[in-house]
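Asks: Okay, sequence plus prediction incoming.
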Number of protein chains: 2
Amino acid sequence: MTAQKSPLAPASFPDFPEIAGVQFATGNSGMRYKGRDDVLLVKFDEATTVAGVFTKNSMPGAPVDWGRKILPTGVARGLVVNAGIANVFTGAAGKKTVEETAAAAARLFKSPVEHIYVASTGVIGDPIPTETITSLLPELEVKLSAKGGEAAANSILTTDTFAKGAVGRCILDGKAVTIAGFAKGSGMVAPDMATMLAFLFTDAAIPADILQQLLTEANEKSFNCVTVDSDVSTSDTVLLFATGATLNRPPQKYTDPSLEDFKAALLALMTDLAKQVARDGEGASKFITVKVTGAETDKAAKTIALAIANSPLVKTAIAGEDANWGRVIMAVGKSGERADRDRMRLNIGDILIAENGARATSYREADLTPHMKGTEIDIDVDVAVGDGKAIAWSCDLTHGYIEINADYRS
Amino acid sequence: MTAQKSPLAPASFPDFPEIAGVQFATGNSGMRYKGRDDVLLVKFDEATTVAGVFTKNSMPGAPVDWGRKILPTGVARGLVVNAGIANVFTGAAGKKTVEETAAAAARLFKSPVEHIYVASTGVIGDPIPTETITSLLPELEVKLSAKGGEAAANSILTTDTFAKGAVGRCILDGKAVTIAGFAKGSGMVAPDMATMLAFLFTDAAIPADILQQLLTEANEKSFNCVTVDSDVSTSDTVLLFATGATLNRPPQKYTDPSLEDFKAALLALMTDLAKQVARDGEGASKFITVKVTGAETDKAAKTIALAIANSPLVKTAIAGEDANWGRVIMAVGKSGERADRDRMRLNIGDILIAENGARATSYREADLTPHMKGTEIDIDVDVAVGDGKAIAWSCDLTHGYIEINADYRS
């Protein structure tokens, strides 16, 4: 199936830099996709540290189980990713696939098996023919190259309509550090797929425990603020690898002031990728940014922001360019978090819509029409009970979503 | 806008009985709908008790505020309902509308104002021109009749595609008791509307506090098990009125054995209405029943059932007649409730799909195809961690939903 590129896609894939200590190779397994690479092998220099966050779905795929199990070692030597079959709800066979895949890469790299990460994306419930991956790995090893970032970003896609990459640069301990990464989202142009994967790479030297804190913190404010349709994948995985090639003195703790610039660069990069995932949401025709302020806590604000961003009625109204702001009020109210109906304020696209429990006297729907007709919709709610604030990114709910998920059979 | 009747609608509206002590009259206010009645006046005999449950949305409409305020009196003499404007997020003006409407009916019925209930459904954020209702009430009083149930059921609809009524009969203290009621759902054929109202009437004599327990308990297992799109209305209201005309000896407590038959009849009636609401969900082409067993508690089971019933990916797969059962697994996993991936079981339409953490060896997709092509889809999940069980009713997510909520302007 060929999909039209999302109208919200960035102009081009970024110029993806080499990251010292990281090499990529891609190939075709033939397990599902023809005519494109669907397996990615990544090799890391020794001493590469790793951090990861995984889906909260209680039906995780076998690769997620494996990643959780080996993450405490804090060291990574390799990563194998396949697209097409997610290896989820596959029982003992699925576990064996992951173990054999990791073992095959470990043999090639002469590393402990628990330093090899595995990620899969695609159909739930089907087993992976393991040898389609393992038999490919030796030829991929020969092709490993630091220049392979863009090909790597393309190889992990399922039915995303564009490859998602981002690059950041910062200073750490006086050294120039590069961070680069790519992600795949919920571009579910064929049914069955609802998986977010993201792989991030840096040449900085950062101990694994601090790297984990950096990733967890940035993830909460980036990927965890994106929603396309409220359905939580069984494969969501974000991994951050740090090769240490820049030879900076490693930071001693998460609060080390030397990390400030890295923190900002990492968050910016992950936010960029997260927004690209929303921009490639199934059938998306408009990109939605929801800002919530005045909630009891930041966590409450996020719950409210996601209630708005996930509301089918809000999302269909935006698809229809309908200034149906009452639905935003409804979504705030259904969030379960405290909000003061009689003091709250709603702006859409900088236009004051409602305040103090009723429509603003200054509001005229005609003033809002130009914003609703645009492709970037901004919703800004102050719920007037505290200082908590949050942001969420999403897309509208269109016929495209139904076409992608109901009209075609896999 | 004229809407096609839902293909899932019952064959006809039930033969709606007279309930001794209840009289109906309907009329047209002109506030929004032309050529149909949109205001309902109901008069109750003195000594009618009342119970109510209201939306949990924290942005409730002014009529919900009023209902909550007067419910502790436990007595009802009248009810005024209008369709077209919901009187939600309307500030002081909305409060005044409700108070003036109740006062007008109270004058006619020579009753305390706090014995008059008010409910509104329709657009959020617009004020109601109060006099369009209050000026109509005197002529409605003249037309009051015990025979007006079906007209009443029609008058409260917004863009539902059919009127929803149900009738129950039972024995209480040796007397024949009738219960009858009607509801409106989320037939959001025009945007802006997402409101469930239900009004239930019985000639039994039941004290208000016991009536409240009866309603709350039955509501939890009926209306609270329905979902169309996960969006919680700001106007949801269910009221149960008991006129006492049967002159049974009133039960002394909720656990009174004499109430068993009434409890069963009330639950059956409310379940019937709840299912009709799902059958008239926007764009519905299939009716979905989700049964969950083996959860930690009944509450956990309900959360899981609603996670499945609300999942856009499950609902679009069903719309597409796609046996994409992995999405049900995903939805169980995202519910946040405990489930044992490696022991759970999934049946769809009596066909065993998955067990023990993987696809069942006996499962062939062709066996499931006839069920997926039908209009009644049954999903049955055992999550294998306890004895909790629950049921939820919903409908699929089709192009019709997008058409109704995005394509047309109100």
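Replies: Good, I have the coordinates.

Asks: CA atoms for contacts and neighbours, from now on please.
Replies: OK.

Asks: Extract the C-alpha trace of the helix or strand harbouring residue A:68 and format it as PDB.
Replies: In this assignment (DSSP states H and E), residue A:68 forms part of helix A:62-70. The C-alpha trace of helix A:62-70 is given here as PDB (Å, rounded to 0.1, in the frame of the first residue of the first chain):
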ATOM      1  CA  ALA A  62       8.500 -10.100  23.800                       C
ATOM      2  CA  PRO A  63      11.100  -7.500  22.800                       C
ATOM      3  CA  VAL A  64       9.900  -5.100  25.500                       C
ATOM      4  CA  ASP A  65      10.200  -7.900  28.100                       C
ATOM      5  CA  TRP A  66      13.800  -8.500  26.900                       C
ATOM      6  CA  GLY A  67      14.700  -4.800  27.000                       C
ATOM      7  CA  ARG A  68      13.300  -4.400  30.500                       C
ATOM      8  CA  LYS A  69      15.300  -7.500  31.600                       C
ATOM      9  CA  ILE A  70      18.700  -6.400  30.200                       C
END
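
Asks: Tell me where the model's unsure across the stretch 1-150 of chain A.
Replies: Where the stretch 1-150 of chain A drops to pLDDT under 70, the residues are A:1-3.

Asks: how about the strands in the stretch 301-410 of chain A?
Replies: Secondary structure of the stretch 301-410 of chain A (DSSP state E, counting those that start in this stretch): strands at A:345-348, A:351-355, A:358-359, A:376-382, A:388-395.

Asks: Turn those into a markdown table, including mean pLDDT and mean neighbour count.
Replies: A markdown table is the format used below for those (pLDDT from 0 to 100; neighbours: other Cα atoms under 10 Å in any protein chain shown):
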| stretch | mean pLDDT | mean neighbour count |
| --- | --- | --- |
| strand A:345-348 | 96 | 22 |
| strand A:351-355 | 95 | 21 |
| strand A:358-359 | 90 | 24 |
| strand A:376-382 | 97 | 21 |
| strand A:388-395 | 92 | 26 |
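
Asks: Can you check which of the ones you listed gets nearest to chain B?
Replies: Chain B lies closest, by Cα to the nearest Cα, to one member of these: strand A:358-359, at 4.7 Å.

Asks: Would you pull up how far the closest one lies from the middle of the chain?
Replies: 37 Å (Cα atoms, centre = their mean, to the nearest Å).

Asks: name the helices or strands packed onto that strand?
Replies: Using 3 or more Cα pairs under 8 Å, 6 or more residues apart in numbering or on different chains; DSSP states H and E as the contact test, no helix or strand touches strand A:358-359.

Asks: Show me which residues of the stretch 1-150 of chain A sit near chain B.
Replies: A:56-60, A:89-91, A:123-126 (Cα under 8 Å from any Cα of the partner chain).

Asks: how about 10 Å then?
Replies: A:55-60, A:88-94, A:123-127 (Cα under 10 Å from any Cα of the partner chain).

Asks: Can you turn the buried part of the residues you listed into a PyMOL selection?
Replies: Only the buried entries of these go into this PyMOL selection, using 16 or more other Cα atoms under 10 Å in any protein chain shown:
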select buried, chain A and resi 55+56+57+58+59+60+88+89+90+91+93+94+123+124+125+126+127
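
Asks: sorry, back to before: now distance to residue A:155 too, for the strands of the stretch 301-410 of chain A, in JSON lines please.
Replies: Shown next, in JSON lines, are the strands of the stretch 301-410 of chain A (distance: least, Cα to Cα, whole Å):
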{"stretch": "strand A:345-348", "distance to residue A:155": "38"}
{"stretch": "strand A:351-355", "distance to residue A:155": "43"}
{"stretch": "strand A:358-359", "distance to residue A:155": "49"}
{"stretch": "strand A:376-382", "distance to residue A:155": "29"}
{"stretch": "strand A:388-395", "distance to residue A:155": "24"}
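
Asks: Would you double-check that residue A:266 falls in a strand?
Replies: No - under DSSP: H, G, I helix; E, B strand; the rest coil, residue A:266 sits outside any strand and is assigned helix.

Asks: Tell me, how many residues neighbour the residue lying closest to residue A:373 once chain neighbours are set aside?
Replies: Nearest non-adjacent residue to residue A:373, counting by Cα to Cα, 6 or more residues apart in numbering or on different chains: residue A:321, 5.8 Å away. Neighbourhood size, residue A:321 [other Cα atoms under 10 Å in any protein chain shown]: 24.

Asks: For residue A:321, give me its contacts.
Replies: Going by Cα atoms under 10 Å, 6 or more residues apart in numbering or on different chains, residue A:321 touches A:286, A:315, A:368-375, A:377, A:396, B:406-409.

Asks: How many residues are close by residue A:370?
Replies: Residues within reach of residue A:370, counting by other Cα under 10 Å, total 11.

Asks: how far is stretch A:320-340 from where the chain is centred?
Replies: 26 Å.

Asks: tell me which residues of it are tucked away?
Replies: A:320-335, A:337-340.

Asks: before we move on, which element is residue A:119 in?
Replies: Using DSSP H and E, residue A:119 falls in strand A:116-123.

Asks: tell me what that strand is packed against?
Replies: Judged by 3 or more Cα pairs under 10 Å, 6 or more residues apart in numbering or on different chains; DSSP states H and E, strand A:116-123 is in contact with strand A:39-44, helix A:62-70, strand A:78-85, helix A:91-109, strand A:197-202, strand A:237-242.

Asks: and that strand, how far out from the chain's middle?
Replies: 14 Å.

Asks: Could you tell me the angle between it and strand A:78-85?
Replies: The directions of strand A:116-123 and strand A:78-85 differ by 10 degrees, with axes from the mean of the first three to the mean of the last three Cα atoms, to 10 degrees as the criterion.

Asks: Which elements pack onto the helix or strand following strand A:116-123?
Replies: As assigned by DSSP H and E, the chain's next helix or strand after strand A:116-123 is helix A:130-134. Packing partners of helix A:130-134 (3+ Cα pairs under 10 Å, 6+ apart): strand A:39-44, strand A:78-85, helix A:91-109.

Asks: which residues sit in contact with the closest residue to residue A:376 other than its chain neighbours?
Replies: Excluding the flanking residues, the one nearest residue A:376 by Cα to Cα, 6+ apart is residue A:287, at 5.0 Å. Listed by Cα under 10 Å, 6+ apart, the contact set of residue A:287 reads A:7-8, A:275-276, A:278-281, A:318, A:374-378, A:393-396.

Asks: do residue A:237 as well
Replies: Residues near residue A:237 by Cα under 10 Å, 6+ apart: A:52-55, A:63-64, A:67, A:118-121, A:183, A:195-199.

Asks: Could you do residue A:384 as well?
Replies: Residue A:384 neighbours (Cα under 10 Å, 6+ apart): A:293-296, A:338-345, A:356.

Asks: between these, which is closest to chain B?
Replies: Taking the contacts of residue A:384 together and measuring to chain B by Cα to the nearest Cα, the closest member is residue A:341, at 5.6 Å.

Asks: No further questions, thank you.
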